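Asks: Quick one: sequence and predicted model below, then my questions.
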Amino acid sequence: MAHPITAPMLGEPYLLTPGPLTTSWDVKQAMLKDWGSWDHDFRAMTRDMRTRLLSLIGVGSEAYDCVPLQGSGSFLVEAMLGSFVPQDGKVLVLANGAYGQRAAQTMDYLGRDHIVLDKGDYMPPRGGEVANILAADPAISHVLAIHCETSSGILNPIQEIAAATHAAGRKLLIDSMSAFGAIPLEASDLCYTAFVSSANKCIEGVPGFGFVIAKTAELAAAKGNSHSLCLDVHAQWSVMNKTGQWRFTPPTHVVAAFMTALVAHTAEGGVAGRGARYAKNRDVVVAGMRSLGFETLLDNRWLSPIIVTFFCPKDPAFVFETFYELMKTKGFIIYPGKLTVVASFRVGCIGQMDEHVMTLVVAAAKQALNEMGVISAAPPAAALDERKKLTEIDDKEIA
Ligand SMILES: *Cc1c(COP(=O)(O)O)cnc(C)c1O
């Protein structure tokens, strides 16, 4: 049952970051071979990879195709927006953090019409709000949702958003960068037009490319939409289907590593197995950090199994930079916070780590606090007020 976890290279710290993340020894080792990008072995690998990725969206996947594309995750978001939103389309961008803001900024660069529902640092965009905006603005053709907003770690209510979008007859685009592979994204359930993810998140590959999974009919209809030669998803798809090759030099070693990561993903029990390990990681680190006095930004109901935001303690002896360095010397690279209102830091739950590693993370945090002379890890009152506000508005919406 237990999935073998391989520790990082001797002496290297664990990356408690949401991609790049700690990869297995096998994944690293898969990069030791050179591949000809035109060779039929590499073409077969690309084909196999596309098929494996499609199998992860479950029933209804026959209506979809998978298109890998060079670049980091943001390249894929830009490619998706530029390829599926026609020049005269209009996008409702649902933002509650840095990645939603980046998608809106991408629309600015594209010069295509859009409006932003900005929920601030961590409030989830709700189905009812989406329905109201779509009812009031018939020009909106697409809705862009962030699945897990990695800047706070919130798992957005994608079901609700999908239902509101389809009830209004609009098309759904999803940035599932940090969620796909660990959180279900079933085609039959969410009926998205397209979503994007990347090699270095929940599938546990190394960085270098991402992929679009889109309805085949939408891929066919996307011809001529793109603003960019390199980021044209339709062109990449049609050349890849004709020749089996990537249009431009593929990151061959990264693809080989990713194939190894996909095989391990299947062996772990696919999306359900991977998601269960990450959820356990989260539960252990959240319970442990709370026992030290730390508080999470989000109420339990919104905590994702991907990354968790903790408030920095109010104790003046706590200095984030020192805490970061101490954690690093103990073997763990944590992640600074991205909140605008209060100081915070983040701990990723994804990558080659299990609950035993997370127990060591908590022990390291405890030691670091002692070494800094921090008496209490409790956050400032302002932070708790923020959280209270979130929970109250939320309770109202649920009621
Ligand atoms: C990681 C991530 C991205 C892509 O970021 P890059 O730095 O370009 O790889 C986009 N959206 C979300 C939600 C992410 O977590």
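Replies: Yep, that arrived. Residues are numbered from 1 along each chain as shown.

Asks: Could you use CA atoms for every contact and neighbour count after this?
Replies: Noted.

Asks: Please enumerate the helices of the stretch 51-200 of the chain.
Replies: Assigned helices in the stretch 51-200 of the chain, in chain order: 73-84, 98-110, 127-136, 158-167, 187-190 (criterion: DSSP state H, counting those that start in this stretch).

Asks: Could you give the separation of stretch 39-56 from the chain centroid?
Replies: 22 Å (CA atoms, centre = their mean, to the nearest Å).

Asks: Pull out the buried residues from that stretch.
Replies: 42, 43, 45, 46, 47, 49, 50, 52, 53, 54, 56 (16 or more other CA atoms under 10 Å).

Asks: Also stretch 113-129?
Replies: Applying a neighbour-count criterion of 16+ other CA under 10 Å, the buried positions in stretch 113-129 are 113-114, 116-118, 120-127.

Asks: Among those residues, which one sits closest to residue 320?
Replies: Ranked by distance to residue 320 (CA to CA), the buried residues of stretch 113-129 are led by residue 121 at 19.9 Å.

Asks: where are the low-confidence patches of the chain?
Replies: 1-4, 6-7, 9-10, 394, 397-399 (pLDDT under 70).

Asks: mind listing what the residue nearest the centre of it touches?
Replies: Central residue of the chain (CA atoms, centre = their mean): residue 178, 1.3 Å from the mean position. Shown in contact with residue 178 (CA atoms under 8 Å, 6 or more residues apart in numbering): 18, 147, 148, 149, 150, 197, 198, 201, 202, 306.

Asks: go on, residue 115?
Replies: Contact analysis of residue 115 by CA under 8 Å, 6+ apart lists 90, 91, 92, 93.

Asks: Those residues into JSON lines, with extra columns for distance to the ligand and neighbour count?
Replies: Listed next are these as JSON lines, based on distance: CA to the nearest ligand atom, whole Å; neighbours: other CA atoms under 10 Å:
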{"residue": "90", "distance to the ligand": "20", "neighbour count": "20"}
{"residue": "91", "distance to the ligand": "17", "neighbour count": "24"}
{"residue": "92", "distance to the ligand": "16", "neighbour count": "23"}
{"residue": "93", "distance to the ligand": "13", "neighbour count": "23"}
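
Asks: So which of these belong to strands?
Replies: 90, 91, 92, 93 (DSSP state E).

Asks: and for stretch 232-246, what are the contacting residues?
Replies: By CA under 8 Å, 6+ apart, the list of residues contacting stretch 232-246 reads 37-38, 43-44, 46-47, 67, 69, 79-80, 82-83, 212, 219-220, 222-223, 226, 247.

Asks: if we can go back for a sec, which among the ones in strands among the contacts of residue 115 gets closest to residue 292?
Replies: Among those, residue 93 lies closest to residue 292 (CA to CA), at 37.9 Å.

Asks: what bridges to the closest one?
Replies: Beta-bridge partners of residue 93, counted by DSSP bridges, are residue 116, residue 144.

Asks: didn't it look like it was pressed against residue 112?
Replies: No - if you go by CA atoms under 8 Å, residue 93 and residue 112 don't touch, sitting 12.0 Å apart.

Asks: Just the buried residues of the contacts of stretch 232-246.
Replies: If you count burial by 16+ other CA under 10 Å, the buried members of the contacts of stretch 232-246 come out as 37, 43, 46-47, 67, 69, 79-80, 82-83, 212, 219, 222-223, 226, 247.

Asks: What is the helix or strand containing residue 360 packed up against?
Replies: Secondary structure here is read from DSSP states H and E; on that basis residue 360 sits in helix 355-372. Using 3 or more CA pairs under 8 Å, 6 or more residues apart in numbering; DSSP states H and E as the contact test, the elements touching helix 355-372 are helix 270-291, helix 320-329.

Asks: Flag every residue of the stretch 101-250 of the chain that's near the ligand.
Replies: Residues of the stretch 101-250 of the chain lying near the ligand by CA under 6 Å from any ligand atom: 146, 148, 149, 150, 175, 177, 178.

Asks: hmm, 8 Å instead?
Replies: Residues of the stretch 101-250 of the chain lying close to the ligand (CA under 8 Å from any ligand atom) are 146-151, 175-179, 197-198, 200-201, 207.

Asks: all strands of this structure, in order?
Replies: With DSSP E as the criterion, the chain has strands spanning 14-15, 64-70, 90-95, 113-118, 142-146, 148-149, 154-155, 171-175, 194-198, 209-215, 307-311, 332-333, 335-336, 344-348.

Asks: For those strands, give me CSV that also has distance to residue 162.
Replies: Compiled in CSV, the strands of the chain are given as follows (distance: least, CA to CA, whole Å):
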stretch, distance to residue 162
strand 14-15, 33
strand 64-70, 17
strand 90-95, 12
strand 113-118, 15
strand 142-146, 9
strand 148-149, 14
strand 154-155, 14
strand 171-175, 7
strand 194-198, 12
strand 209-215, 15
strand 307-311, 23
strand 332-333, 35
strand 335-336, 31
strand 344-348, 27
